[in-house]
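> Kindly generate the corresponding structure for this input.
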Amino acid sequence: MKMLGSAAVAALLMFPLAARAELAVSGNDGKQMRPGDTVTAPEPDSITVLDITGKGVKRLGSVAAPAAMIGPPAAVAVSKDSRFALVTACQRLENGKLVPNDTVSVVDLSAPSNPRVVQTVHAGPGAMGVSISPDGRLALVAGSDSSTITAFAISGHTLTRSDQLQLPEKTDPTDVIFSRDGKTAIVVSRAGSKLILLDVKGGKISDSGKAYKPGLQPYGAVATHDGKYVINTNLGGALPAPGEAMPKRGRGQPRRQGTLSMVNLATGDIAASVEVGPTPEHVALSADGKYAVAVVANGTAAVRSDPKWDSVLGLLKIYKVGDGTLTLAAQADTGHWCQGATMAKDNKTVLLQCAAEREIEVFHFDGSSLTQDKGAAIAMGARPGSIATASSR
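Presented below is the predicted three-dimensional model:
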């Protein structure tokens, strides 16, 4: 009988741990500079892999790769088996200036402590939200600057462009998700304040002719596990009641309260709409679909030198998801300029990206309260801007 070498034995011993680990993938933006910040020069963008199994949170590994925190924190999608991740970057530095970017990186996670970029492909400029179909065979990318949705066929860890849909100019698609059966894609159009439904068939996408109004300036979205609803953030808040004028925008106007909407996917009816606070950056689902996690920027500062740093905090809110209902279960104050969040499979640990602090905050949820574990925060260097697990999208 042939004996295994020491390296092979070590790999076998490590594999069960990696297979059991629940991974979160964070995209980190090193390009975003702000006057008055203590960091005065850009650093490389990066992608970081975290183990969020059980009560602990541990950084496993990082790799330098394009990433961006502009747009909804939906620029990361993780395969169902956590073997690879897709990370978009809507911006890049060119001659010292930020310009639209179109890259999608395929990151091999088979050795989580040593993530590797194994392919780079190109979607439409302003590549933001990215999703993987329920059967794992197709990926969609929203191109905000180009008003495009790009489809990629997935084979193993390899992407091949299969289609690109050109939407009307200035549609501003910030995110795109799949329905639970994979037959429909839902495009979030911020400029149009609507959800656009696409037909998905054989790697091709086409406009179904259906569009719903969930609120003003929708930003990111998730589909409920029962397949009935889309839950999305609205930066501009709820739609005006019949006969009411559109809210005014600009200086001197009161800060608008953003909302979470729950829209019936079959009819377009708004089943629920709840105020969450100014600028809801992100919405993510728990692995079992019972909870929706909302990240609210709440007018927080981007740098510590801002006079309002100590007086204004962000908000992290968790809603219980029912059949047509969203009920607040818990909330907590957070750091500043916070972006994406994700919840561990046991619904007890929540990770929150805070771009101003350049760290990931850790919270514990017991079903009715959220408690921050300040000693567990993970320093990131570059600003964390998008995060996902295999089940959060």
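> Wasn't residue 375 part of a helix?
Yes - counting by DSSP: H, G, I helix; E, B strand; the rest coil, residue 375 is found in a helix.
> Against residue 337, how distant is it?
Note on residue 375: its distance to residue 337, by Cβ to Cβ, to the nearest Å, is 22 Å. (Each C-beta comes from the backbone N, C-alpha and C, glycine too.)
> How about residue 213?
Remark: distance between residue 213 and residue 337 (Cβ to Cβ) = 29 Å.
> and what of residue 33?
Per Cβ to Cβ, residue 33 is found 13 Å from residue 337.
> Which one's more surrounded, the two?
The neighbour count for residue 33 versus residue 337, taken as other Cβ atoms under 10 Å, is higher for residue 337 (27 against 15).
> so how far is residue 308 from that one?
Distance of residue 337 to residue 308, given as Cβ to Cβ: 12 Å.
> Might you report the residue contacts of residue 280?
219, 233-235, 258-260, 294-297 (Cβ atoms under 8 Å, 6 or more residues apart in numbering).
> cool, and residue 103?
Residues near residue 103 by Cβ under 8 Å, 6+ apart: 66, 88-89, 92, 120-123, 127.
> Farthest pair within those residues?
Pairwise distances across the contacts of residue 103 (Cβ to Cβ) peak at 15.0 Å, for the pair 92 and 121.
> Looking at these two, which one has more neighbours?
More neighbours surround residue 121 than the other of residue 92 and residue 121, with 19 against 16 (other Cβ under 10 Å).
> Can you list the strands that the one helix or strand the more buried one maps to pairs with?
For residue 121, the element it lies in under DSSP states H and E is strand 116-122. If you go by DSSP bridges, strand 116-122 pairs up with strand 97-108 (antiparallel).
> How about the partner strand, which residues are buried there?
Neighbour-count burial for strand 97-108, counted by 16 or more other Cβ atoms under 10 Å, picks out 98, 100-108.
> Nearest to residue 52 among these?
Of all these, residue 52 sits closest to residue 107, with 16.9 Å by Cβ to Cβ.
> Quick check: pLDDT value at residue 254.
With respect to pLDDT, residue 254 scores 66.
> Dump the buried residues of strand 97-108 into JSON lines; add pLDDT and distance to residue 29 as well.
Conversion of the buried residues of strand 97-108 to JSON lines gives the following (pLDDT from 0 to 100; distance: Cβ to Cβ, whole Å):
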{"residue": "98", "pLDDT": "97", "distance to residue 29": "10"}
{"residue": "100", "pLDDT": "98", "distance to residue 29": "14"}
{"residue": "101", "pLDDT": "98", "distance to residue 29": "11"}
{"residue": "102", "pLDDT": "98", "distance to residue 29": "16"}
{"residue": "103", "pLDDT": "98", "distance to residue 29": "13"}
{"residue": "104", "pLDDT": "98", "distance to residue 29": "16"}
{"residue": "105", "pLDDT": "98", "distance to residue 29": "13"}
{"residue": "106", "pLDDT": "98", "distance to residue 29": "19"}
{"residue": "107", "pLDDT": "98", "distance to residue 29": "16"}
{"residue": "108", "pLDDT": "98", "distance to residue 29": "21"}
